[in-house]
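1. One predicted model, sequence on top.
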Amino acid sequence: MKPQLALALDVKNSKEAFDILNQIEGERLIIKIGYQLFIKEGSAFVKKVKDMGFRIFLDLKLHDIPNTVYNGVKSAVEIGADYLTIHTLGGKEMMEKAVEAKRGSDMKLLGVTILTSHSEDYLKYLGTRYSLDQLALKLAKTAVSLGIDGIVSSPFEVRKLKEEIEIDFISVTPGIRFSKTDDDQKRAATPEFAVKEGADILVIGRPIIKAENKKELIKEIYKILQNA
Ligand code: C5P
């Protein structure tokens, strides 16, 4: 798979969203839509973005009883999502039902393991003997073995995941920056680094959203991805 770019469209409402989308129309892009926008603007918004020619990445991180997740995944397929995130901590049966629900569609399920906001305290909270890395790897391995198509991780974890997981999977990495910044991405990697480590989809938000010329920056990123 050639590396792809997903724009994290982390804005407040559809007006702000279309201000950005209109500037980048025609670019080959995946648009990542999270809670903030989806809860407010819903499936009608998703349809409009899809009709503009973008692929849709619904970042809803589903985690519930298997039957509820099954129905949620079915709805995501119906509204035209191309990618949907679920929590691998939701368990085997939940993931099996999610995989069953998207069967026959082209939608890809992406598994989230341990959120980067968690620290060792979270392990105590869970009462597990695993380290954060061990637990993330175990969850990712299990998810892929059950038919989850991809895993979301930091660029710094991709190589290990790709080495340790024998089945091919899509590696999705947020935490990308072009240079050292003072925002909240503490351990950011460059696009070149992420691709060299094996990332397939790079999620980039604020650097593109804040750029004066967004289209130009997207073209530059694609050049980097092609040459990495
Ligand atoms: O603006 P920025 O490039 O930091 O956006 C990154 C996107 O990826 C955000 O939507 C953020 O919620 C998401 N993300 C992240 N780190 C993770 C998982 C998801 O930054 N570990």
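-> Thanks, I have the structure now. Residues are numbered from 1 along each chain as shown.

2. My guess is M94 contacts D64. True?
-> Yes - the pair M94 / D64 is scored as a contact, 7.3 Å apart, by Cβ atoms under 8 Å. From N, CA and C alone the C-beta is placed, and that goes for glycine too.

3. Show me which of these two is the more surrounded one.
-> M94 (23 against 14; other Cβ atoms under 10 Å).

4. Are we agreed that that one is in a strand?
-> No - with DSSP: H, G, I helix; E, B strand; the rest coil as the criterion, M94 is helix rather than part of a strand.

5. Please name the nearest non-neighbouring residue to it.
-> Among residues not flanking M94 along the chain, P66 sits closest, at 4.7 Å (Cβ to Cβ, 6 or more residues apart in numbering).

6. which parts of the longest helix anywhere in the chain are buried?
-> Ranked by residue count under DSSP state H, the longest helix found in the chain is helix 35-51. Judged by neighbour count (16 or more other Cβ atoms under 10 Å), helix 35-51 contains these buried residues: 37-38, 41, 43, 45-46, 49-50.

7. In the chain, which residue sits nearest the ligand?
-> For the chain, the residue closest to the ligand is G205, as judged by Cβ to the nearest ligand atom, at 2.5 Å.

8. what sits against that residue?
-> Contacts for G205 (Cβ atoms under 8 Å, 6 or more residues apart in numbering) come out as 7-10, 32, 174.

9. Show me which residues of this structure are close to the ligand?
-> 8, 10, 34, 115-116, 174-175, 185, 203-206 (Cβ under 6 Å from any ligand atom).

10. Filter those down to the buried ones and hand me the PyMOL line.
-> Only the buried members of the residues of the chain next to the ligand enter the following PyMOL selection, criterion being 16+ other Cβ under 10 Å:
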select buried, resi 8+10+34+116+174+175+185+203+204+205
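
11. Turn the residues of the chain next to the ligand into JSON lines, columns for pLDDT and secondary structure.
-> Shown next, in JSON lines, are the residues of the chain next to the ligand (pLDDT from 0 to 100; DSSP: H, G, I helix; E, B strand; the rest coil):
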{"residue": "A8", "pLDDT": "98", "secondary structure": "strand"}
{"residue": "D10", "pLDDT": "97", "secondary structure": "coil"}
{"residue": "G34", "pLDDT": "97", "secondary structure": "coil"}
{"residue": "L115", "pLDDT": "91", "secondary structure": "coil"}
{"residue": "T116", "pLDDT": "86", "secondary structure": "coil"}
{"residue": "P174", "pLDDT": "96", "secondary structure": "coil"}
{"residue": "G175", "pLDDT": "93", "secondary structure": "coil"}
{"residue": "Q185", "pLDDT": "75", "secondary structure": "coil"}
{"residue": "V203", "pLDDT": "98", "secondary structure": "strand"}
{"residue": "I204", "pLDDT": "97", "secondary structure": "strand"}
{"residue": "G205", "pLDDT": "97", "secondary structure": "coil"}
{"residue": "R206", "pLDDT": "95", "secondary structure": "helix"}
